[in-house]
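Colleague: Starting from these lines, generate the structure:
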Amino acid sequence: MISVLASRSAWGVLTVSAGVLLLTQASSAQEIDSFSGLKISEGWLQVQATCTECHSAQLISQNSGSREVWKSRLRWMQDTQGLGQLTINLEDTILDYLASNYGQKVASRRAGIPDQLMPGNPYENAQ
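Modeller: Just a heads-up that it's a prediction; the model follows:
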């Protein structure tokens, strides 16, 4: 909101001052936990307690994925990294949180360079 105030001084000079009021909507910005950096919403405490036993919460916030992508990552951690079996309720809570707050982005990487713009391979005909 911008407000403009005009007043005349004793000498007849018109003084104009503008004030700018910045309004922020708390509802538009999601609250972030200052300790973990995770988005605060339903399930975040379970994610923090379970996932940060092995790795930083930053590993979560730097990634994104659909529910299936996050589920495949959980399975990989269980198969190769020593993550134990989770109860169905806990796994659902974690997957719901991750998919809702760190869901699949439209594009997580830049588009590939078209073949016609790529330089030739200098080793293609090397012997």
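
Colleague: I'd guessed residue 36 sits against residue 51; true?
Modeller: No. Using Cβ atoms under 8 Å, residue 36 makes no contact with residue 51, being 9.4 Å away. All C-beta spots, glycine's among them, are computed from the backbone N, C-alpha and C.

Colleague: next SSE after the least confident helix or strand in the chain by mean pLDDT?
Modeller: The weakest-scoring helix or strand in the chain, judged by mean pLDDT, DSSP states H and E, is strand 14-20 (a mean of 46). Once the chain leaves strand 14-20, the next helix or strand it forms, by DSSP states H and E, is helix 44-51.

Colleague: Residues in contact with the very next helix or strand once past that following helix: which ones?
Modeller: Note on helix 44-51: by DSSP H and E, the next helix or strand toward the C-terminus is helix 58-61. Residues from elsewhere that reach helix 58-61, judged by Cβ atoms under 8 Å, 6 or more residues apart in numbering: 37-39, 47, 51, 98, 102.

Colleague: got the buried residues for helix 58-61?
Modeller: residue 60 (16 or more other Cβ atoms under 10 Å).

Colleague: Report the secondary structure state of the closest residue to residue 69 other than its chain neighbours.
Modeller: Computed as Cβ to Cβ, 6 or more residues apart in numbering, the closest residue to residue 69 that is not its neighbour in sequence is residue 104, at 6.7 Å. Here residue 104 is recorded as coil under DSSP: H, G, I helix; E, B strand; the rest coil.

Colleague: element containing residue 79?
Modeller: helix 67-80.

Colleague: Check what contacts that helix and list those residues.
Modeller: 54, 63, 65, 83-86, 91, 94-96, 98-99, 102, 104.

Colleague: following that helix, which helix or strand shows up next?
Modeller: helix 88-101.

Colleague: coming back round to it: just the angle between the helix holding residue 79 and helix 44-51, please?
Modeller: Calculated by axes from the mean of the first three to the mean of the last three Cα atoms, to 10 degrees, helix 67-80 forms an angle of 30 degrees with helix 44-51.

Colleague: Cheers, nothing more for now.
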